[in-house]
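**Student:** Here's my sequence, what's the structure:
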Amino acid sequence: MSGVRRSPRNSVKDRPSGLRLALRRQRRLLRPAGWVALASIVALMLMFAVHTAGLRAGPGQTLKTMRERLGAMTAASGLRVTNVVIEGRANTPESMLREAIGIRKGDPILGFSLDATRATIERIPWVEHVTVERRLPGTIVVNLQERRPYAIWQNRGKFVLVDRTGQVVADQDVTQFRRLPLIVGQGAPNAAAELLDALRDRPALEEKVQASVRVGERRWNLRMTNGTDVMLPEGHEVAALNRLAQLQQDHDVLDRPLAAIDMRLPDRLVFRPKPDAGDSIVVPPIPPDASPPATSPTEVPVIAKKPT
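**Tutor:** Sure thing, here's the model as predicted:
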């Protein structure tokens with residue numbers, strides 16, 4: 001329209017005034033200053049809480065009371081838990097873990113002890129190590145390192161999961177780990193790692209082992225799937241397994257009706273046939289100087305069927 005007169009762009013009238021420019025500069029400066037102010041307020045609240053708690057509580061309760069007061073004061077300014085993130089959980093029951101954490105949405109994020117929470121979580125058998133972090137303004141991060149189930153331990157008729165060090169990690173829902181090796185007897189979890197590792201390196205033997213039985217907390221018997229008991233020497237399990245693997249390759253000893261194979265003596269092998277085998281059993285040759293000991297084989301604990 002010809003009656004309206006427009007000012008050219010970038011004219012003096014379009015430029016912000018000196019006051020506006022000054023306010024813009026102040027806003028930029030106030031952003032970092034705002035965080036500094038918030039930190040100062042929190043520090044003042046902390047000092048006040050420490051002073052108040054020290055006056056009203058004994059030395060043992062001062063820190064706890066201080067934390068609770070600080071949490072209550074900072075929660076009013078918006079520092080509340082909005083999210084609890086759990087990382088690394090695979091087997092730990094979630095309900096058990098949530099109960100151990102003990103933190104709910106809306107709780108003051110500065111109102112609890114990280115160390116106390118971590119200690120409570122690490123009491124769960126599945127948990128080997130845990131870190132608990134606060135990420136302000138409202139996130140709690142729980143990172144788990146779980147124990148790895150290594151074997152199923154039959155102990156007094158019950159089945160429990162143990163890790164490589166022998167630590168019990170679970171006594172329920174064992175059936176989902178039924179492919180793990182079965183160990184039996186007092187002291188078996190703490191001593192099983194070397195034997196089970198050796199068996200895993202010899203899969204032809206491992207697939208024929210039903211259970212590894214700890215005898216007298218000092219040596220092992222292998223209960224094979226065909227019912228044969230292989231008596232291993234104390235402290236020389238690996239050498240005995242090598243010898244057993246060779247016997248299986250040459251003579252199929254683990255496929256024969258044998259009640260026991262006694263490998264406890266370094267210079268001889270003793271093969272005991274099953275009572276119903278009769279005279280038809282073919283036993284691999286025994287060195288001429290080897291004669292069966294007068295005593296009967298070591299008693300083997302009753303092995304229950306692995307949970308399915």
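**Student:** Could you use CA atoms for every contact and neighbour count after this?
**Tutor:** Fine.
**Student:** in this structure, which helix or strand is least confident?
**Tutor:** Ranked by mean pLDDT, DSSP states H and E, the weakest helix or strand in the chain is helix 18-56, scoring a mean of 53.
**Student:** ranges for the strands of the stretch 201-308 of the chain?
**Tutor:** Taking DSSP state E, counting those that start in this stretch as the criterion, the stretch 201-308 of the chain contains strands spanning 209-215, 219-224, 229-231, 258-262, 270-273.
**Student:** Same question for the stretch 51-200 of the chain.
**Tutor:** When assigned using DSSP E, counting those that start in this stretch, the strands of the stretch 51-200 of the chain occupy the ranges 83-87, 127-135, 139-146, 151-155, 158-162, 168-170, 182-184.
**Student:** and the strands of the stretch 201-308 of the chain as a markdown table, adding mean pLDDT?
**Tutor:** Shown next, in a markdown table, are these (pLDDT from 0 to 100):
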| stretch | mean pLDDT |
| --- | --- |
| strand 209-215 | 97 |
| strand 219-224 | 97 |
| strand 229-231 | 97 |
| strand 258-262 | 95 |
| strand 270-273 | 92 |
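**Student:** now the ones you listed in a markdown table, with distance to residue 101 and mean neighbour count?
**Tutor:** Output for the strands of the stretch 201-308 of the chain, formatted as a markdown table (distance: least, Cα to Cα, whole Å; neighbours: other Cα atoms under 10 Å):
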| stretch | distance to residue 101 | mean neighbour count |
| --- | --- | --- |
| strand 209-215 | 38 | 23 |
| strand 219-224 | 41 | 22 |
| strand 229-231 | 47 | 25 |
| strand 258-262 | 52 | 21 |
| strand 270-273 | 57 | 19 |
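**Student:** Reformat the ones you listed into CSV and put distance to residue 113 next to each item.
**Tutor:** Putting the strands of the stretch 201-308 of the chain into CSV (distance: least, Cα to Cα, whole Å) gives the following:
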stretch, distance to residue 113
strand 209-215, 44
strand 219-224, 46
strand 229-231, 53
strand 258-262, 58
strand 270-273, 63
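**Student:** quick one, which of the ones you listed is nearest to residue 98?
**Tutor:** Of all those, strand 209-215 sits nearest to residue 98, with 36.4 Å by Cα to Cα.
**Student:** tell me the contacts of the residue lying closest to residue 202 once chain neighbours are set aside?
**Tutor:** Sequence neighbours aside, residue 245 is the residue nearest to residue 202 in space, at 7.9 Å (criterion: Cα to Cα, 6 or more residues apart in numbering). The contact partners of residue 245, taken as Cα atoms under 8 Å, 6 or more residues apart in numbering, are 202, 204, 205.
**Student:** closest to residue 148 among the residues you listed?
**Tutor:** So of those, ranked by how close each gets to residue 148 (Cα to Cα), first place is residue 202, at 21.9 Å.
**Student:** count of residues packed around that closest one?
**Tutor:** 14 (other Cα atoms under 10 Å).
**Student:** ok, now how distant is it from residue 244?
**Tutor:** Residue 202 is 10 Å from residue 244, where distance means Cα to Cα, to the nearest Å.
**Student:** which sections of this structure are below the confidence cut-off?
**Tutor:** Scanning the chain for pLDDT under 70 picks out the ranges 1-76, 277-308.
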